[in-house]
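**Student:** just coords:
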């Protein structure tokens, strides 16, 4: 992989009873169809669930709120 300084723009907070994540604008390489940062998972929920939740928002009873924030850091 590589290390790169990035500025990531958050666009939405998305959550349900199992997971909280932030959707972000795609400004860096990612394998995810919906770029995001996973913030928290309920104990026993695997990290891949964030991808599943974002791809199945109606089925997973998800709440999505617009949110604007910029994060600076290093993608590793």
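**Tutor:** Perfect, I can see it now. Keep in mind the model is a prediction, meaning the values are calculated, not measured.

**Student:** element containing residue 34?
**Tutor:** Here residue 34 is covered by no helix or strand, with elements defined by DSSP states H and E.

**Student:** so what's it closest to, chain neighbours aside?
**Tutor:** residue 54 (4.4 Å; Cβ to Cβ, 6 or more residues apart in numbering). For the C-beta atoms, the positions are set from N, CA and C on the backbone; glycine is no exception.

**Student:** before we move on, what about residue 40?
**Tutor:** Leaving aside its chain neighbours, residue 40 sits nearest to residue 20 (4.6 Å; criterion: Cβ to Cβ, 6+ apart).

**Student:** run through the bridge partners of the one you found.
**Tutor:** For residue 20, the beta-bridge partners are residue 15, residue 40 (DSSP bridges).

**Student:** and the gap between it and residue 74?
**Tutor:** 22 Å (Cβ to Cβ, to the nearest Å).

**Student:** could you do residue 29 as well?
**Tutor:** Remark: distance between residue 29 and residue 74 (Cβ to Cβ) = 14 Å.

**Student:** run through the strands of the protein in chain order.
**Tutor:** Here the chain has its strands, by DSSP state E, at 4-15, 19-24, 36-41, 63-75.

**Student:** turn those strands into a markdown table, columns for distance to residue 48 and mean pLDDT.
**Tutor:** Formatted as a markdown table, these follow (distance: least, Cβ to Cβ, whole Å; pLDDT from 0 to 100):
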| stretch | distance to residue 48 | mean pLDDT |
| --- | --- | --- |
| strand 4-15 | 15 | 93 |
| strand 19-24 | 10 | 97 |
| strand 36-41 | 10 | 97 |
| strand 63-75 | 19 | 92 |
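
**Student:** make a markdown table out of those and add mean neighbour count and distance to residue 47.
**Tutor:** Listed next are the strands of the chain as a markdown table, based on neighbours: other Cβ atoms under 10 Å; distance: least, Cβ to Cβ, whole Å:
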| stretch | mean neighbour count | distance to residue 47 |
| --- | --- | --- |
| strand 4-15 | 15 | 15 |
| strand 19-24 | 20 | 9 |
| strand 36-41 | 15 | 6 |
| strand 63-75 | 10 | 17 |
